[in-house]
Structures are given as structure tokens and as C-alpha cells.
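S.K.: Below: sequence and its predicted model.
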Amino acid sequence: LDQIILECGKRRQYDRGIRCANALIKIYDELGEHPKVYSRTYYDLFQLAIARRSTLDKANGYLRLALEHRKLLVGDTPDETVREYEQLMKTPSSHMGFLIGE
């Protein structure tokens, strides 16, 4: 599913990518996966959702979940990824994929 999600982003098949990523999250839930994979997949969801106006509202929620899981992974010392996610939370329009699918 990871590969399919990436291909969907490249091919601008955002809705399909979002469906696949959400399915992957459900698999993680069933398996009790590590925060690292959740963070990566929620960030993928953010990148897919930020590309279109119709899914823009969901993008910040996905990014918030990516950030929460990243913080679980790194603990009390924020890393570069945590700082990047926090900056994107403040200005999501700064992401290179912002409304690229419009």
C-alpha cells in the first residue's frame, strides 16, 4: 500500500491515495504498529489532502496526527521533522503541494 500511495500522489489520484492511506492506518491499528509508521502515513495523507481544495480541511487534521505520532517517537527533544510539522501547522500554504491538484 505504501507504494500505491506514493504512485497516487505522483499521478494526482488524490482520492484513491487517501483511501489507500486510511486503509493502511486501519492495518496499523490491527497490528499495533510503531508511531514511526503512523507518522509517515499521516504525513502522506496530509500531502495528498493539501493538494485539493475539496480535501484541504482534512489536511490539518492529518498533519496534527503526524505530529502527535512523531512526538511519541522522539520524546521531549523535538527533531527537525517535528519543527517542520509545527511550521506547516502554522502555514500549511507553505507546503510545495498546496492546491497543486486544482
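M.R.: All right, it came through fine. Residues are numbered from 1 along each chain as shown.

S.K.: got any ranges where the chain has weak pLDDT?
M.R.: Along the chain, segments meeting pLDDT under 70 are nowhere present.

S.K.: Give me the residue at the spatial middle of it.
M.R.: Tyr43 (1.9 Å; Cα atoms, centre = their mean).

S.K.: Give the helix, strand or coil label for the residue nearest to it when sequence neighbours are not counted.
M.R.: Counting by Cβ to Cβ, 6 or more residues apart in numbering, Ala66 is the residue found nearest to Tyr43 once chain neighbours are left out, at 4.2 Å. Quick note: C-beta positions are derived from backbone N, CA and C, even for glycine. Under the three-state scheme (DSSP: H, G, I helix; E, B strand; the rest coil), Ala66 adopts helix.

S.K.: okay, now the nearest residue to Arg53 once chain neighbours are set aside: neighbour count?
M.R.: Spatially, and ignoring its direct neighbours in sequence, Arg53 is nearest to Glu102 (5.9 Å; Cβ to Cβ, 6+ apart). Using other Cβ atoms under 10 Å, Glu102 has 9 neighbouring residues.

S.K.: Please apply the same query to Arg83.
M.R.: Arg83, neighbours per other Cβ under 10 Å, totals 10.

S.K.: What residues does it make contact with?
M.R.: Arg83 sits next to no residue when contact means Cβ atoms under 8 Å, 6 or more residues apart in numbering.

S.K.: helices or strands next to the helix or strand harbouring the residue nearest to the centre of the chain in the packing?
M.R.: Following DSSP states H and E, one finds Tyr43 within helix 35-49. In terms of contacts (3 or more Cβ pairs under 8 Å, 6 or more residues apart in numbering; DSSP states H and E), helix 35-49 is packed against helix 2-10, helix 14-31, helix 56-74, helix 80-90.
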